[in-house]
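Visitor: Got a predicted model here, sequence first, then my questions.
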Amino acid sequence: MTQAPLQLFDRRALEAHRSRRQQEALFLHYMARVEAEDRLSLVNRSFTAPAVVCPFPEVWERFGPEAKIVADEEVLDLEDGAHDVVIHAMCLHWANDPVGQLIQCRRALKEDGLLLVMLLGGRTLHELRSAMAEAETILLGGLSPRIAPMGEIRDLGGLLQRAGFALPVADLVPLKAEYRDVPHLIHDLRGMGETNALAQRLKRPAPRGLFQLADHIYRKHFANAEGRLPATFELVCLTGWSPSDNQQKPLRPGSAQMRLADALKVPESKL
């Protein structure tokens, strides 16, 4: 009997967390929409058949009447070759199979269609991770899985190539928010459905005093001059194109017609 692969995330818990969302806490999702709109406005092309994969459709309902809003599920409700742009918005960091998600998006694109992915990157909540790790080590003598791992930008960019996209580009937008204390930060994370949904998370309540100690450590190492707690959020943006014969191709090594020194009009260095 073939054993099912281990799942990093508990999708049932994730959906339960998202169902308790609060609109005022979805600021990262609205910022992602603005960022997507800005980036699409810079592309010298008109898109007429967009699709948006997202956990919160109300954030994207004004994106355009022609846009198809697709629920963030393991199998995406996307038709092959139906769209000229697909936006995968703020949910790839919760995917058990991120490459599979991107492959589904590529198949849904027409030839030379654009994929735009917005997700949280590796340094997101690094202050909270550090404070919680130190607090758990002091109280429990070890660590438990509490905050989901998030990919570094160099690794996330490689996902596009693995999924078969051409001309992949990865960049990030660093964001900062400030909070009164750790409970205030966790309240916001609950409101945006971003609390712990790891499959291997502890299923029992946190030890008494854990969050108070984490708040003390967070404040000791990261508090600003006003006594507020800064929280880092990395918004990673990935772009790639479905393959087409009309796209620019890199030149073959050794095919240049002019030496670099001649092009720059400088003497050639001989080492």
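Guide: Noted; the coordinates are in hand. Numbering: from 1, shown residues only.
Visitor: Now do the same contact list for the residue nearest the centre of the chain.
Guide: Per C-alpha atoms, centre = their mean, the C-alpha nearest to the average position across the chain is that of Leu119, at 1.5 Å. Applying C-beta atoms under 8 Å, 6 or more residues apart in numbering, we find Leu119 in contact with His88, Met90, Cys91, Leu92, His93, Met150, Leu156, Leu235, Val236, Leu238. Where C-beta positions appear, they are placed from N, C-alpha and C, glycine not excepted.
Visitor: ok, the fourth one touching Leu115?
Guide: Read it as Leu92. No - using C-beta atoms under 8 Å, Leu92 is not in contact with Leu115, being 10.9 Å away.
Visitor: Check the contact lists of those two and give me the overlap.
Guide: With C-beta under 8 Å, 6+ apart, Leu92 and Leu115 have common neighbours Leu102.
Visitor: What are the boundaries of the helices in the stretch 151-271 of the chain?
Guide: 153-162, 182-191, 210-222, 260-264 (DSSP state H, counting those that start in this stretch).
Visitor: For Ser19, which non-adjacent residue is closest in space?
Guide: Nearest non-adjacent residue to Ser19, counting by C-beta to C-beta, 6 or more residues apart in numbering: Gly193, 7.9 Å away.
Visitor: Tell me who's in contact with that neighbour.
Guide: Per C-beta under 8 Å, 6+ apart, neighbours of Gly193: Leu14, His17, Arg18, Ser19, Arg20, Arg21, Pro55, Phe56.
Visitor: Likewise for Arg11?
Guide: Shown in contact with Arg11 (C-beta under 8 Å, 6+ apart): Glu74, Asn96, Ala197.
Visitor: How many neighbouring residues does Ala231 have?
Guide: Other residues near Ala231 come to 22 when the count uses other C-beta atoms under 10 Å.
Visitor: got it, and Arg20?
Guide: 10.
Visitor: What pLDDT does the model give it?
Guide: Arg20 is assigned 95 on the pLDDT scale.
Visitor: returning to that earlier point: min pLDDT across the contacts of Leu119, which one?
Guide: Among those, Met150 carries the weakest pLDDT, at 85.
Visitor: low-scoring stretches of this structure, by residue?
Guide: For the chain, applying pLDDT under 70 flags the ranges 1-5, 247-271.
Visitor: can you map out the strands along the stretch 1-150 of the chain?
Guide: With strands called from DSSP state E, counting those that start in this stretch, the stretch 1-150 of the chain shows them at 50-54, 68-71, 83-89, 109-120.
Visitor: any idea how far the residue nearest to Leu78 when sequence neighbours are not counted is from Glu58?
Guide: Of all residues not flanking Leu78 in the chain, Ala108 sits nearest, at 3.7 Å (C-beta to C-beta, 6+ apart). Going from Ala108 to Glu58 by C-beta to C-beta, to the nearest Å gives 22 Å.
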